[in-house]
Each structure stands twice: as structure tokens, then as C-alpha cells.
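Peer 1: Sequence and predicted structure below; questions after.
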Amino acid sequence: SPLLPFFFQISICLSASLLLLSQVTNTGRKGHKTTIPLINVFLFSDAKCVFPFFYKGSLYFDCTLHDSHYYWCSLTTHFVNRWKYCRNTDYAKCALPFVFRGKEYKSCTKEGSILGKYWCSITPNHDQDRAWRYC
């Protein structure tokens, strides 16, 4: 078929372009270098963050700066190179109600805040997970 070589050429060009975009080396805050599949930025920008997620042996309940200069999240429970940069709508939400020091809270509280700012737990049990955010 005369069209076959044309489609084959498009495929080769597309593959080469994706290869060029596929990886970038990122130096994190502590100087550790990590290879990031850059194409993920384009493919997964509308996907939903999965919280909590495991990355390099740690459990994350919200977007993180680990190995990056920008907040990001995993798109799977156990990180396997599917991730995206966090937008304002991606960060973990308050888990209402939540338990703090054995008491149930149905809204943000200043209780226990050293700075006197309102905060909330991002999991149902702060006493267990200690994951929180400012309101």
C-alpha cells in the first residue's frame, strides 16, 4: 500500500520526538539527582492524585517536593513513574470530621496550633496519621 511508508514515517518521527521528551534529570533539594519521565507531564495532567501513596519507602498524604523543585503527586498507590505536578485543586482536602487528641472535630480548629492558625487533618484520624494542612 502506498500509504504504509507515510504512516511508518509518522510513527518514527513521533517516537523520536517522544524519546527526546521522555526524560529529564532533576536535582532535588538535597542534591540527589532523579530522572523524571517528562512525557508524564503531558499525558497525566488531568489525572487524579492518589493519596496516600508510597514513594521511596515513605508514605505521602499530600503533594510533595521530594526529589523535585515543584510539588507533585503519584497517580498510583505505589509510585511507578506515573505522576503529575500538583495544581491548586490536587492538594489533599480536609477530612471532616477528624479525630485529634481523642476528640472529634467537624471543622478546622486552632487547637494544638503553635502559631494559632486554623488547621485540619487530611485523614480521618490525626492521632494515628499526623497528616494535616492549614485551612
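Peer 2: Ah, there it is.
Peer 1: how close does the residue nearest to Tyr91 when sequence neighbours are not counted sit to Lys106?
Peer 2: Sequence neighbours aside, Cys63 is the residue nearest to Tyr91 in space, at 5.5 Å (criterion: C-beta to C-beta, 6 or more residues apart in numbering). Quick note: C-beta positions are derived from backbone N, CA and C, even for glycine. Distance of Cys63 to Lys106, computed by C-beta to C-beta, to the nearest Å: 25 Å.
Peer 1: for this protein, which spans come out with low pLDDT?
Peer 2: Applying pLDDT under 70 to the chain flags residues 1-44.
Peer 1: ok, Cys73 - how many residues close by?
Peer 2: 25 (other C-beta atoms under 10 Å).
Peer 1: Surely it and Phe53 touch.
Peer 2: Yes. Look at Cys73 against Phe53 with C-beta atoms under 8 Å: they come within range, at 7.0 Å.
Peer 1: joint contacts of these two?
Peer 2: The contact sets of Cys73 and Phe53 overlap at Tyr60 (C-beta atoms under 8 Å, 6 or more residues apart in numbering).
Peer 1: just to revisit the earlier point, so for Cys63 and Lys106, which residue has more residues nearby?
Peer 2: More neighbours surround Cys63 than the other of Cys63 and Lys106, with 21 against 8 (other C-beta under 10 Å).
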